[in-house]
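Student: Just the structure for this:
(one chain, ligands or ions: 2)
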Amino acid sequence: MQQDVGREIAGEPGSGAPAGGCDVVIVGAGFGGMYMLHRLRGLGMTARVFEAGTGVGGTWYWNRYPGARCDVESMQYSFGFSDEIQQEWTWSELFSGQPEILRYANFVADKLDLRRDITFNTRVVKADWSEAGQCWLVGTDGGETVVARHVVMATGCLSSSRMPDIAGRESFAGRVFHTGQWPHEPVDFTGQVVGVIGTGSSAIQSIPVIAEQAKHVYVFQRTPNFSIPSRNGPMTAEYEAQWKRDYGRRRAEARKMRSGVIAPLNDKSALADSEAARRDNYEARWKLGGTYFMQSYNDLALNKASNDTAVAFVHEKIRGIVKDPAVAAKLLPSNHPIGTKRICVDTDYYETFNRANVTLVDLPETPIKEITPTGLDTTGASYAFDAIVFATGFDAMTGTLLKIDMRGRDGATLREAWAAGPHTYLGLMTAGLPNMFMITGPGSPSVLSNMIVSIEQHVDWIAECMGWMRANQVAALEAEQGAQEAWVAHVNEVAHRTLYPQANSWYMGANIPGKPQVFMPYIGGVGAYREKCDAVAAAGYEGFRMTRARAAAQAAE
Ligand code: FAD
Ligand code: NAP
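Tutor: Ligands and ions are numbered 1, 2, ... in the order given. Purely as a prediction, here's the structure:
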């Protein structure tokens, strides 16, 4: 039935836009969807973008919590595809805050006149593949169905925020916030008692800022996390000019780096240094700040004994900053190697626990019993608040994709295909779903990298692939099952050479009860991954099978 509808709408399968439809539907208008639209226009293709929010920017549109900020330097966490944009835009800080990144997204949208092809406030809820039409029928929550040759999921890896299943959650009578769905109006905590649940990156950024305003903050910590001071500061004209003069070369270098960031690497094992030299090195890195700490040595992610030396150093720092030894002891992360959960980057996080208006509640000691109309009860005490902030994270990498009812060849669903965890070829496509591409999908470096670099790489690859399909009159392209399973095995094998799978992290799906526990991103590095993707394309899209457009197939007969 569905196929018949596709044939009727799309006419004979060709390689261009189906009749009455467009070449491509893009889902999401974060950085991924924005750049995809721009690239497709450059190829002369028609595209429609659907975005659930009312504006562009994705992550930076939704995560407006106090203190939200990127932890990759802004000179690097920004688009490199347009010299005009990178020369014209000016950042005010080394690590930009959310309002500035959102302004940047809007600047790019204005500059490229993107909004005319974006339908805001509209969620894509389903997508059905029509075998007869060799096209997708994409359904929105507004009841519209759009027919398109291709679909690009630019839906984001961290775009389904997650409320925890805590008894009584709905009963709370005060204000309720989630960091990932923060209101657009300013939130004033002055004179208020606030409970923050969670101590991941979002909590670690927001707690110091909330504590400056609120009367009292209770921090409910289930697992302590490692955090490194960001050492953020104002952008100097000289530093900015250095980058802008040399942008072409630096962007090219970043694209080859393991993490997509130009970073001070140290090609040495932590165990190769004497204890004194190691301490000096860690001290210098702590002063440098941010994610560069994890590059203090080349084996922190690989060798537990090396990793332990970094853990010991950060523990010592926490004990040195937090004045109450009992509170400091509770803040020491101990159940995972450093860096195996996304390293947090902060401004005055540990210092905040020296404030009289901040109380750390250690949940392993006194677990939460329930949320009440006035606050929260643990097994140890009752707490009353005016507001609760859930900094409880996301159903990462797969959550947003699986919310869409996607049905591919023969009606097979993505939900069934990924029942045991995501299976993709290169994190770009999934067998059974022809012409459905993912930007930074599971099985690609994505969240382990500077995501703008990874987004640009995927968008460029996808655009070139679509251009090639059109030039070669290919109506449909699909990952081969064998190539996909070999890639999944490789992704797993590489991950298990590292310490990462030792942590109950969202990388492993461990934060969502019942989610299959597999390491989802590809840890082989951005540079090596790019080479693999380029080699696959150069070999005529090796590992993908193709359906020729009808006219081309007839001509060949
Ligand atoms: P997103 O920005 O998530 O955009 C996806 C968009 O798709 C959203 O706007 C969403 O509304 C929309 N969407 C989803 N499903 C649908 C649907 N069914 N229908 C319609 N629209 C839909 N990365 C870094 O590299 N460095 C950082 O410092 C960094 N900091 C971060 C800080 C926070 C608080 C968070 C949450 C993430 C951070 N990230 C960081 C990761 C960040 O998500 C990426 O850098 C990047 O912004 C992702 O862009 P995207 O376009 O792929 O996805
Ligand atoms: P997160 O890292 O998943 O942290 C969620 C926190 O909530 C954890 O401390 C978790 O504890 C806690 N939690 C969840 N359910 C709970 C429950 N039922 N009871 C008590 N505590 C509970 O989420 P996030 O902080 O939003 O960060 C997600 C990712 O977004 C980051 O890892 C990063 O990639 C990105 N991000 C980046 C930045 C940045 O600095 N640039 C800032 C924010 C976010 P457990 O650990 O015990 O599960």
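Student: Ala535: how many residues sit nearby?
Tutor: Per other C-beta atoms under 10 Å, the neighbour tally for Ala535 reads 10. Bear in mind the C-beta positions are built from the backbone N, C-alpha and C, glycine included.
Student: go on, the one 10 residues further on?
Tutor: Here the neighbour count serves as a burial measure; for Arg545 (other C-beta under 10 Å) it reads 14.
Student: Next: Gln554.
Tutor: Neighbours of Gln554 (other C-beta under 10 Å): 9.
Student: Same question for Ser334.
Tutor: Neighbourhood size, Ser334 [other C-beta under 10 Å]: 9.
Student: For the stretch 351-500 of the chain, which segments are assigned as helices?
Tutor: Assigned by DSSP state H, counting those that start in this stretch, the stretch 351-500 of the chain shows helices spanning 399-403, 414-417, 451-471, 481-495.
Student: tell me which residues of the second one are tucked away?
Tutor: Of the residues in helix 414-417, those buried by neighbour count under the rule 16 or more other C-beta atoms under 10 Å are Leu414, Ala417.
Student: circling back to that earlier point, tell me the most buried of the helices of the stretch 351-500 of the chain?
Tutor: Ranked by mean neighbour count under mean count of other C-beta atoms under 10 Å, these are led by helix 451-471, which reaches a mean of 21.
Student: does ligand 2 sit close to it?
Tutor: No. Helix 451-471 stays clear of ligand 2 (C-beta under 6 Å from any ligand atom), getting no nearer than 9.0 Å.
Student: Could you list the low-confidence segments of the stretch 51-200 of the chain?
Tutor: Nowhere does the stretch 51-200 of the chain drop to pLDDT under 70.
Student: Flag every residue of it that's near ligand 1.
Tutor: So the stretch 51-200 of the chain meets ligand 1 at 51-53, 58-59, 61, 63, 68, 70-72, 77, 123-124, 154-159 (C-beta under 6 Å from any ligand atom).
Student: Among those residues, the buried ones, what's the ChimeraX command?
Tutor: A single ChimeraX command selects the buried members of these (16+ other C-beta under 10 Å):
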select :51,52,53,58,59,61,63,68,70,71,72,77,124,154,155,156,157,158,159
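Student: Mind checking which of the residues of the stretch 51-200 of the chain next to ligand 1 land in strands?
Tutor: The members of these that map onto strands under DSSP state E are Val124.
Student: follow-up on the earlier one: how about the helices of the stretch 351-500 of the chain, which one is nearest Met36?
Tutor: helix 451-471 (4.9 Å; C-beta to C-beta).
Student: Counting by contacts, list what the closest one packs against.
Tutor: Here helix 451-471 touches helix 31-42, helix 247-256, strand 436-438, strand 474-479, helix 526-538, going by 3 or more C-beta pairs under 8 Å, 6 or more residues apart in numbering; DSSP states H and E.
Student: about what we covered before: looking at the helices of the stretch 351-500 of the chain, which is nearest to Trp243?
Tutor: helix 451-471 (14.5 Å).
Student: how far off helix 247-256 does that closest one point, in degrees?
Tutor: Comparing the axes of helix 451-471 and helix 247-256 via axes from the mean of the first three to the mean of the last three C-alpha atoms, to 10 degrees yields an angle of 90 degrees.
Student: returning to what we had before: please identify the deepest-packed of the helices and strands packed on helix 451-471.
Tutor: It is strand 436-438: most buried of these by mean count of other C-beta under 10 Å, with a mean of 26.
Student: Return the residues in contact with Val358.
Tutor: Ile207, Ala211, His216, Val217, Val219, Thr352 (C-beta atoms under 8 Å, 6 or more residues apart in numbering).
Student: residues near the residue in the stretch 251-400 of the chain that ligand 2 sits nearest to, how many?
Tutor: Minimum separation of the stretch 251-400 of the chain from ligand 2 (C-beta to the nearest ligand atom) falls at Gly393, amounting to 2.6 Å. If you count neighbours by other C-beta under 10 Å, Gly393 ends up with 22.
Student: thought it was touching Trp506?
Tutor: Yes. With contact defined as C-beta atoms under 8 Å, Gly393 counts as touching Trp506 (6.1 Å).
Student: OK, contacts around Glu253?
Tutor: Contacts of Glu253 (C-beta under 8 Å, 6+ apart): Ile262.
Student: This completes my enquiry, with thanks.
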